[in-house]
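Chemist: Next come a sequence and a model predicted from it.
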Amino acid sequence: MTAFSYDRETVRKSLRQKIRRAAANAIHQEDVWAEFNIQDIPAERVVRHTYNPEAKQFLKNETIVKIEKEPFTNGAMRHCFRLKKLATPPQSASNHRFHSYGWSRALNYVAKCYLDEAGEPDMNERESVLTDIILQYEAAHWAEKFNVTAPKKIDFIRAYALEFVDRPGSPMFAVERFIAGKDTYGCGFLKHNTNSGFVDQEVRRKTPQVFSAHSFYASQGNRLVADIQGIGDLYTDPQVLSIDYRFGDGDLGPRGMALFFKNFRHCDLSDKMGIPIFPLSRNERKYQAKYEDDESTLSEGSPLLEALLCKFKMLDDNRQMRKSILVMPTDLNCADSTETEKRNNFSEVSKTIRSSFVASKKKKAVSIVKRTKSDIDEVTSCLEIALTDAVFDNTAFHRFESGELRPRHRRNSEDNDSDLRENMCKRKSVALMKVDYPPMEITDETKSNLGKVHYHLACLHGMDRFPEIVSPDKIFDDELPSHDVFSVVFHLSHAASLGNAQACLALARARVGIQSSASPLLHTNVPIDFDSAKDLCRKAMSSERSPASPKAAAGCLLYQILEDEETAGDVEKLHVLEETLTFLNLAEREQAAVKEHAKKMQSRGKADGFHVGDVVEGNYFMEGTYYPGKVIDVLENGNAVVVQYDDDGSSETLTADNVRPIEVSTEVLSHETSRLSDEEAFGVSNTDEIVLLDYDLISKIAGLKEKTGDRLVAAELFQQAAELAMSAGKMQTANKFSMRAAELET
């Protein structure tokens, strides 16, 4: 029996007793809203929308509520109303005494509606309200996973949407339970972290930060719950970061995850819960070390916590900050002109490769950043890591080979008050953490998403997001570099070791002296090495969980290196070109799938349910195993659907909560909606992913086929290239290819 083992029946009995005591206390407790006489307001019929996070669907039912006509407070984005709703007793309840008190004892709720530009309730913000509900349930879902092993349990206030169907326009409000406190919304609110990387450095409670990190690994890197705020360990108004930007304006995706992990401080609680260490560069660790690492946590009864009150307005201000931290790149798919520009620029690559090849022969390198021997050693070590595959052994979890935790070094503080706080809080933490859980499972999907996080963190450094990381001793020619290029190399290398194609491509470009979008300083601080560049290109092309676009770019770069080195045979170059063409065609299909998915999502709301033709997974005969299929009929106002399975064509009628939508793969969707930097979020292209034009690529394959003696195949390929060039408006090029095809056919 572990410290957390329990008898199920004993727990149920204890829970029933607590519920009875809570109900008895509620009966005798005065209603904090009694003075507002809400019970005298006419009741209204509403449709309640509750979210099922497993099925990813909203469920509907009708109820009645009483709500004030005027808001009792407001923020910059939302009005806040007092609302009462009768609690419905469960069918199995034997004592209905508490539920018989009527509206005078009805539960108190806070109803929130969004405002338009004129400050009036916005009837068109249904999707924003539903997104808020999804965020609460999504966060609560990962809180349940966290509570399985966490010494201190956490929870999120449950929320749902109320649609006032009898009002003009059927406005929708987000609703959650009211927490009585010292001000109009609550008391003791404390923000522990944000969606843009802020991590509280004053109170520094461990549980909220570790929960955010735990949610990332528990979801295999697909989610990270951030913006943790609330009273004690009861949280509200979170922001969920996803790998594919699916949770609204505040979802900064892998970039937001990168911002969190840069500031996250691995602690003893992380070790005990089996959370792996997120590696940081030497300069990042130095910057973290500036803050006193006292490994402390505050109890809920701390006067400091009680002193930090948060009003509803602060929550709204925070929501606005979520949107302004980074621009959400939702509708910035590359335009045709951008694609053409990316492909036409490939002719410049060959010139750079040739000059780099000459420079490498002379052993000449130029750096605009002052480097020490340790810096050079760090770069060399990182570049070696890039060519290996990441391994999560015991050291990644701060453990010995036996599995036992490694002891943590604690600083001796000269601050007596800090020591007192540390010792007082440490007793509570140590008493709770008696069990060391095994390391969390690191799947291939987790590794892929970790690679994206490292890649985005490298790009954030490259766009000068962290000037404080640059060491003063790096001054070169009396100027301080705009960012720490060694952190860029560090995170690109770790991303490459995790199979991230974009990181492999960025490093490969730097290894042949070509500038990368990841950092303008990268190619001047990484030594030229053509063999390493070729290995990185091959690693990018073999990445199983990366989109096709960077693979195609890596193939084009590899071909150009082989062509300019003039050492590879025709067969090897032909193989590279054919594989690259496959990636190029796949990239076009991926982009079409993303556009179709975006168009489909724009045409329906989150509460619309399933439609005929939707691609889904159904719980086959309610056995718990989900199989892919499509919806062929919708019944009972969307509460039931008929699913036809792909494997055998059989069909089955299932309730909506036993059907899950299948969306575009996160590898494709996240790549097409994410960008490298704030500037690119405004529409600037990622110049790393330069590829040959399809007709140029096919013409090169045709030329190699001609060399190997396969004239008929070469003629067909030249003719295909001519047709593509003609479609692109390149008439002169098309005529040239047509003439080559005719010559080979004779």
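Modeler: Happy to help now that I have it. This is a predicted model, so every value here is computed, not measured. Numbers count the residues shown, from 1 in each chain.
Chemist: Please name the residues that touch Glu745.
Modeler: 712, 715 (C-beta atoms under 8 Å, 6 or more residues apart in numbering). Where you see a C-beta, it was placed from the backbone N, CA and C, and this is true even at glycine.
Chemist: Can you give me the distance of it to Glu706?
Modeler: If you measure Glu745 against Glu706 using C-beta to C-beta, to the nearest Å, the figure is 12 Å.
Chemist: With Phe58 instead?
Modeler: Computed with C-beta to C-beta, the distance linking Phe58 and Glu706 is 60 Å.
Chemist: quick one: which of those two has more around it?
Modeler: For Phe58 against Glu706, the residue with the higher neighbour count under other C-beta atoms under 10 Å is Phe58, and the figures read 23 against 19.
Chemist: From Asp233, how far off is the more buried one?
Modeler: With the distance defined as C-beta to C-beta, Phe58 ends up 27 Å from Asp233.
Chemist: same check, this time on Leu460
Modeler: The separation that Leu460 has from Asp233, given C-beta to C-beta, amounts to 30 Å.
Chemist: Show me which of these two is the more surrounded one.
Modeler: For Leu460 against Asp233, the residue with the higher neighbour count under other C-beta under 10 Å is Leu460, and the figures read 25 against 19.
Chemist: And the more buried one, what's its pLDDT?
Modeler: If you check Leu460, the pLDDT there is 91.
Chemist: is it true that it touches Phe466?
Modeler: Yes - contact between Leu460 and Phe466 holds when scored by C-beta atoms under 8 Å: they sit 6.9 Å apart.
Chemist: Can you classify Arg465 by secondary structure?
Modeler: For Arg465, the secondary structure call by DSSP: H, G, I helix; E, B strand; the rest coil comes out as coil.
Chemist: In space, what's closest to it - neighbours in sequence excluded?
Modeler: Distances taken as C-beta to C-beta, 6 or more residues apart in numbering put His483 closest to Arg465, at 7.6 Å, once the chain neighbours are dropped.
Chemist: Look up phi and psi at that neighbour.
Modeler: Backbone torsions of His483, given as degrees, to the nearest 10, read phi -160, psi 170.
Chemist: That one: what's it in contact with?
Modeler: Shown in contact with His483 (C-beta under 8 Å, 6+ apart): 461-467, 469-470, 519, 521.
Chemist: any idea how far it lies from His491?
Modeler: His483 sits 12 Å away from His491 when distances are taken as C-beta to C-beta.
Chemist: same deal with Phe261?
Modeler: The separation that Phe261 has from His491, given C-beta to C-beta, amounts to 10 Å.
Chemist: Now list whatever residues contact both of these two.
Modeler: By the contact definition C-beta under 8 Å, 6+ apart, Phe261 and His491 are jointly contacted by Leu457.
Chemist: And the two? Which one has more around it.
Modeler: For Phe261 against His491, the residue with the higher neighbour count under other C-beta under 10 Å is His491, and the figures read 30 against 22.
Chemist: so that one touches Ala458, yeah?
Modeler: Yes - under the criterion of C-beta under 8 Å, His491 makes contact with Ala458 at 3.7 Å.
Chemist: Pull out the buried positions in stretch 270-282.
Modeler: Across stretch 270-282, burial judged by 16 or more other C-beta atoms under 10 Å covers 270-276, 278-281.
Chemist: Of all pairs in those, which one is the farthest apart?
Modeler: Lys272 and Ser281 (25.9 Å; C-beta to C-beta).
Chemist: so what's Thr613 up against?
Modeler: No Thr there; residue 613 is Gly. Taking C-beta under 8 Å, 6+ apart, we find Gly613 in contact with 630-631.
Chemist: any residues in contact with both of Leu460 and Phe466?
Modeler: The contact lists of Leu460 and Phe466 share Lys262, where a contact means C-beta under 8 Å, 6+ apart.
Chemist: biggest helix in the protein by residues?
Modeler: helix 570-602 (DSSP state H).
Chemist: Give me every residue in contact with the helix or strand just after it, excluding its own residues.
Modeler: Per DSSP states H and E, helix 570-602 leads on to strand 615-619 as the next helix or strand towards the C-terminus. When contacts are defined by C-beta under 8 Å, 6+ apart, strand 615-619 is touched by residues 610, 625-631, 641, 643, 645, 652, 654, 658-662.
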